[in-house]
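**Q** Structural data only, the sequence is not supplied:
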């Protein structure tokens, strides 16, 4: 739900899967299902897609863990402000994006209280669907409707009380977008982010 209800959408995601406890040096889960999303006001057609993912953890030593994840899901549609005076066609919300992302993370327990981690990831989002009954065209991207993001990060956590830890993390991300050729759409060609976050984590 958005401040401008013009952008509102409804969706659902149904998945089923199975997971395992530690089997020798491995533990993991895998799942699959179905997902769908549609505009609350018919601004774009219903978009459906398979939903799937997996998570695999490898414990080569007592102190080191390597975890790989894969997931495909929908992200909310791009928000736009409603316009008047015959320009609504250029300000119709874009259909939701289907995002496939993968990540690899390594965790190392320095002591019983201190843990450090590094990770890297890749993601790609693709727009699809239709708006106002017209098949969606790549208005925002000249060579298709995709956007690629690369991420890298590192951090450390200190468990100071039972299962509560203080965490400090840095993450770098860079999106690689085709040039913008849209009408009423504006998407930066490339975006770089440097994020530093701190917080409390509770593990149960």
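**A** Looks like it came in fine. Remember, predicted model here, so these are calculated numbers, not experimental data.
**Q** Would you map the helices across the chain?
**A** Remark: no helices are assigned in the chain by DSSP state H.
**Q** If you count residues, where's the longest strand of it?
**A** Assignment by DSSP state E gives strand 146-161 as the longest strand of the chain.
**Q** buried sites along that strand?
**A** By neighbour count on 16 or more other CB atoms under 10 Å, the buried set for strand 146-161 is 146, 147, 149, 151, 153, 155, 156, 157, 159. For the C-beta atoms, the positions are set from N, CA and C on the backbone; glycine is no exception.
**Q** now do stretch 58-69
**A** Buried, per 16+ other CB under 10 Å, within stretch 58-69: 59, 65, 67, 69.
**Q** want to throw those into a markdown table with distance to residue 25?
**A** Listed next are the buried residues of stretch 58-69 as a markdown table, based on distance: CB to CB, whole Å:
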| residue | distance to residue 25 |
| --- | --- |
| 59 | 5 |
| 65 | 10 |
| 67 | 13 |
| 69 | 18 |
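**Q** Nearest to residue 122, out of those residues: which one, please.
**A** Nearest to residue 122 among the buried residues of stretch 58-69 is residue 69, at 11.3 Å by CB to CB.
**Q** picking that back up, quick one: the longest strand of the chain to chain centroid distance?
**A** 13 Å (CA atoms, centre = their mean, to the nearest Å).
**Q** do the same with stretch 27-43
**A** On CA atoms, centre = their mean, the centre of stretch 27-43 falls 13 Å from the chain's centre.
**Q** which residues touch it?
**A** 5-6, 8-21, 44-57, 59, 73-74, 77, 92-93, 96, 131-132 (CB atoms under 8 Å, 6 or more residues apart in numbering).
**Q** Which ChimeraX command selects the buried ones in those?
**A** Per 16+ other CB under 10 Å, the buried members of these correspond to this ChimeraX selection:
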select :6,8,9,44,45,47,48,49,51,52,53,54,55,57,59,73,74,77,92,93,96,131
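**Q** Show me the contacts of stretch 27-43 that map onto strands.
**A** 9-19, 47-57, 73-74, 131.
**Q** Lowest mean pLDDT among the helices and strands, pick that one out for this structure.
**A** Counting by mean pLDDT, DSSP states H and E, the weakest-scoring helix or strand in the chain turns out to be strand 134-135, with a mean of 42.
**Q** residue ranges with poor pLDDT in the chain?
**A** 77-94, 128-145, 178-189 (pLDDT under 70).
**Q** and with 90 instead?
**A** 1-9, 38-49, 73-98, 112, 125-147, 161-163, 175-191, 201-204 (pLDDT under 90).
**Q** Any figure for the gap between residue 115 and residue 63?
**A** Per CB to CB, to the nearest Å, residue 115 is found 9 Å from residue 63.
**Q** which residues are in contact with both of the two?
**A** Joint contacts of residue 115 and residue 63 (CB under 8 Å, 6+ apart) are 108, 109.
**Q** now the nearest residue to residue 159 once chain neighbours are set aside: how far from residue 39?
**A** Spatially, and ignoring its direct neighbours in sequence, residue 159 is nearest to residue 165 (4.3 Å; CB to CB, 6 or more residues apart in numbering). In this view, residue 165 and residue 39 are 41 Å apart by CB to CB.
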